[in-house]
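1. Give me a model of this one.
(4 chains)
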Protein chains: 2
Amino acid sequence: MTSSTDNSCLVTKLSHYMTLSETDRGHLARLEEAEDEIEPQTDCTTEGDPLERLYVVKTGWLYSYLDMPDGRRQIVQLHHAGDMVGFPDIAFTRVATTLRSCTPAILCPFPKSALSEIFATAPRLTALIFAIAARDQIVLTDMLRATGRMTATERVANLHLSLLTRLRITNSRMTDTFNLPLSQREIGDVLGLTNVSVSKSTTQLEQDGLIARHGRQVQILDEERLAQLVSFDYRFDNIDTSWFPAY
Amino acid sequence: MTSSTDNSCLVTKLSHYMTLSETDRGHLARLEEAEDEIEPQTDCTTEGDPLERLYVVKTGWLYSYLDMPDGRRQIVQLHHAGDMVGFPDIAFTRVATTLRSCTPAILCPFPKSALSEIFATAPRLTALIFAIAARDQIVLTDMLRATGRMTATERVANLHLSLLTRLRITNSRMTDTFNLPLSQREIGDVLGLTNVSVSKSTTQLEQDGLIARHGRQVQILDEERLAQLVSFDYRFDNIDTSWFPAY
DNA sequence: CGCGCTATTGATGCGTCTCAAAATGAGTGG
DNA sequence: CCACTCATTTTGAGACGCATCAATAGCGCG
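-> Residues are numbered from 1 along each chain as shown, chains lettered A, B, ... in the order given. All right, here's what the predicted structure looks like:
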């Protein structure tokens, strides 16, 4: 348990977009005061539960999903280190999605009221958090475009590009290879496909020389052609902070 | 052109969730100072344009969509009177989606900096706007669930329920009938279907006695059975304001 | 070594897309 | 009020893609 700002991946991530003041860092450190260690493949909060806390992801991969009564499942968000989890839920008293870990993870829970405090005292940080939430929403619209209007292979290609560009933000030394700790069934639940289709599509991309796999490591061999295939939009490089409050 | 708070549907809509102070109303009125009249079926901003302003919808229906180069299209958001348009875009300098009207509409454009001013001076209103944006995101996850994991008929049923509950928020006297100014092609673009599938699915729902159509008016005949069919979650009745800043 | 989970591969079926034509409806001008 | 146009909706036939089911192969781990 620590609240030093040195090893805060939230601070690291947000610093990428905006210079954080000492007070800002203090606010963010408060969000990471508590730590929960999570086993892989465990549900942290379940759809319908009363909503008590939001989370900062310290380490690990997690996802949020929705269930249908007959067992169909849709994963709606992927969460990585430095992400804040639960924004869509803050408007309501019950959580809308189930949060599940796919690797060992460390979560930092914090109450909604911590956010309220930031709103009341740190306008510039508020704007940044708002912008981050807005970015999440863009990711969702891209997923919707993929699920609604792309073929199976295009969806898999799109997911790989989307992950690559997201992970690059924090890992600037990452170039074309990343770890993908999702089973094909889980990938299918992200993309609205079956595990079988994911397998066939992934093999297809591999045979076409677009990607390569080494265990769970995925290598993007021809990023340009992939991007063209799904008309991928590189939006996440930076955030427009020009309109933010001054302090 | 008017800025009186009397006929502001934004104030009306937000008042539904939280008691607005006079300063809050003043802030919101500023967002509606300008008015643009929009013809039906016209693009207001186009994907990739530099982002200058956000909008409040004063009257009319609009939607935001994404294009694929081959003509495929995905509508990702529907906007009604009292909605704020453009939150997902504020993080970036270019707009991510195209905004298009499907009826005659009146839009009130305002600059990002107006939002910044609210952040800096009105924490409680900031929290509410944040909650509204969060609610938008929930709508998106529900659309994703529908597009990814439902059959054509289920998707159409889900859309009808979703619209019914959203429109009820502002129209408290509305019970089971509403106007649906979308063509079946547009509905298809919302749901990731073709116009043909939408036609067949809608006819199906009508034959099953779940809905009825009178021109563009849609009547929900058996809401309970519809809700069960798609395991619909009624979340939008109210927003949790308990954690909001005091002033 | 053997167990269990994940990924692959193939055969078959179903649902939605595609293509096309007819029916319906709204708007316009004679 | 009718004739005409144009867009939308409906209906049908056929093709295609993904789901489903099932069997095999690969891999991590005790």
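
2. Would you map the helices across chain A?
-> In chain A, the helices defined using DSSP state H lie at A:9-15, A:22-31, A:112-121, A:123-149, A:152-170, A:184-191, A:195-207, A:223-229.

3. Export those as TSV, with columns for mean neighbour count, distance to DNA strand C and mean pLDDT.
-> C-beta here means a position set from N, CA and C on the backbone, and glycine is covered the same way. Putting those into TSV (neighbours: other C-beta atoms under 10 Å in any protein chain shown; distance: least, C-beta to the nearest atom of the strand, whole Å; pLDDT from 0 to 100) gives the following:
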stretch	mean neighbour count	distance to DNA strand C	mean pLDDT
helix A:9-15	19	26	89
helix A:22-31	17	32	95
helix A:112-121	19	33	94
helix A:123-149	23	9	97
helix A:152-170	20	10	94
helix A:184-191	22	3	98
helix A:195-207	17	3	98
helix A:223-229	15	16	97
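
4. any idea how far the closest residue to A:T153 other than its chain neighbours is from DNA strand D?
-> Closest residue to A:T153 apart from its sequence neighbours, by C-beta to C-beta, 6 or more residues apart in numbering or on different chains: A:S201 at 4.3 Å. As defined by C-beta to the nearest atom of the strand, to the nearest Å, A:S201 lies at a distance of 7 Å from DNA strand D.

5. Please tell me I have it right and A:S201 contacts A:L159.
-> No - counting by C-beta atoms under 8 Å, A:S201 stays clear of A:L159, with 10.0 Å between them.

6. Show me the domain layout of chain A.
-> According to automatic domain parsing, chain A comprises the domains A:9-122, A:140-229.

7. so which of these gets nearest B:M18?
-> With respect to B:M18, and counting by C-beta to C-beta, the nearest of the domains of chain A is domain A:9-122 at 11.4 Å.

8. So that closest one, near DNA strand D or not?
-> No - applying C-beta under 7 Å from any atom of the strand, one finds domain A:9-122 separated from DNA strand D by no less than 7.7 Å.

9. distance between that domain and the chain's centre?
-> Distance, stretch centre to chain centre, for domain A:9-122: 10 Å (C-alpha atoms, centre = their mean, to the nearest Å).

10. swap in stretch A:172-190?
-> 12 Å.

11. contact partners of it?
-> Contacts of stretch A:172-190 with the rest of the structure, by C-beta atoms under 8 Å, 6 or more residues apart in numbering or on different chains, involve A:61, A:63, A:65, A:73-75, A:78, A:102-103, A:143, A:156, A:159, A:163-164, A:167-168, A:193-195, A:197-199, A:202, A:216-221, A:223.

12. Identify the bridge partners of the most centrally placed residue in chain A.
-> By C-alpha atoms, centre = their mean, chain A has its centre lying nearest to A:H79, at 3.1 Å. Listed beta-bridge partners, A:H79: A:L62 (assigned using DSSP bridges).

13. Give me the distance between it and A:A120.
-> 26 Å (C-beta to C-beta, to the nearest Å).

14. With A:Q184 instead?
-> From A:Q184 to A:A120 the distance is 46 Å (C-beta to C-beta).

15. Same question for A:T59.
-> In terms of C-beta to C-beta, A:T59 sits 30 Å off from A:A120.

16. about what we covered before: filter the contacts of stretch A:172-190 down to the ones close to chain B.
-> With C-beta under 8 Å from any C-beta of the partner chain as the criterion, the members of the contacts of stretch A:172-190 in contact with chain B are A:R73, A:Q74, A:M143.

17. Nearest to B:M150 among these?
-> Ranked by distance to B:M150 (C-beta to C-beta), these are led by A:Q74 at 9.2 Å.

18. contacting residues around the closest one?
-> Here A:Q74 is in contact with A:Y65, A:L66, A:M68, A:D189, A:G192, B:L144, B:R145, B:G148, B:R149 (C-beta under 8 Å, 6+ apart).

19. okay, now the second one: neighbour count?
-> Read that as A:L66. 23 (other C-beta atoms under 10 Å in any protein chain shown).

20. I'd say it and A:T97 touch.
-> Yes - using C-beta under 8 Å, A:L66 is in contact with A:T97, at 5.6 Å.

21. what touches both of the two?
-> A:E47, A:V76, B:T141.

22. Please tell me how far the nearest residue to the second one once chain neighbours are set aside sits from B:A134.
-> What that stands for is A:V76. Nearest residue to A:V76 in three dimensions, chain neighbours excluded: B:T141, at 4.3 Å (C-beta to C-beta, 6+ apart). For B:T141, the distance to B:A134 (C-beta to C-beta) stands at 11 Å.

23. which residues do these two both contact?
-> Jointly contacting B:T141 and B:A134 under the rule C-beta under 8 Å, 6+ apart are A:P88.

24. which ones are touching the residue nearest to A:T153?
-> Contacts of A:S201 (C-beta under 8 Å, 6+ apart): A:A152, A:T153, A:R155, A:V156, A:L193.

25. A:T23 reaches A:A122, doesn't it?
-> Yes - A:T23 lies in contact with A:A122 (C-beta under 8 Å); the separation is 6.5 Å.

26. if I look at those two, which residues touch both of them?
-> By C-beta under 8 Å, 6+ apart, no residue touches both A:T23 and A:A122.

27. which other residues reach stretch A:130-143?
-> A:14, A:17, A:76-77, A:84, A:87-88, A:158, A:162, A:166, A:190, A:233, A:235-236, A:239-241, B:64, B:66, B:76-77, B:87-92, B:96-97, B:119, B:130, B:133-134, B:136-137, B:140-141, B:144.

28. 7 Å instead, please
-> Stretch A:130-143 has contacts (C-beta atoms under 7 Å, 6 or more residues apart in numbering or on different chains) with A:84, A:87, A:162, A:235-236, A:239, B:66, B:76, B:87-88, B:90-91, B:96-97, B:130, B:133, B:136-137, B:140-141, B:144.

29. same check, this time on stretch A:210-218
-> Stretch A:210-218 is contacted by residues A:157, A:160, A:177-181, A:205-206, A:219-222, A:225-226 when judged by C-beta under 7 Å, 6+ apart.

30. What is the nearest of the residues you listed to chain B?
-> Set against chain B, the nearest of the contacts of stretch A:210-218 by C-beta to the nearest C-beta is A:A157 (13.1 Å).

31. tell me the phi and psi of A:L193?
-> With angles defined as degrees, to the nearest 10, A:L193 sits at phi -130, psi 170.

32. what about it, neighbour count?
-> Neighbours of A:L193 (other C-beta under 10 Å): 22.

33. That one contacts A:A152, correct?
-> Yes - counting by C-beta atoms under 7 Å, A:A152 is a contact partner of A:L193 at 5.5 Å.

34. Can you tell me how far A:Q207 is from chain B?
-> 23 Å (C-beta to the nearest C-beta, to the nearest Å).

35. next one: A:L163
-> Relative to chain B, and taking C-beta to the nearest C-beta, A:L163 is found at 17 Å.

36. Now do the contacts for that residue.
-> Counted by C-beta under 7 Å, 6+ apart, A:L163 has contacts A:F178, A:L180.
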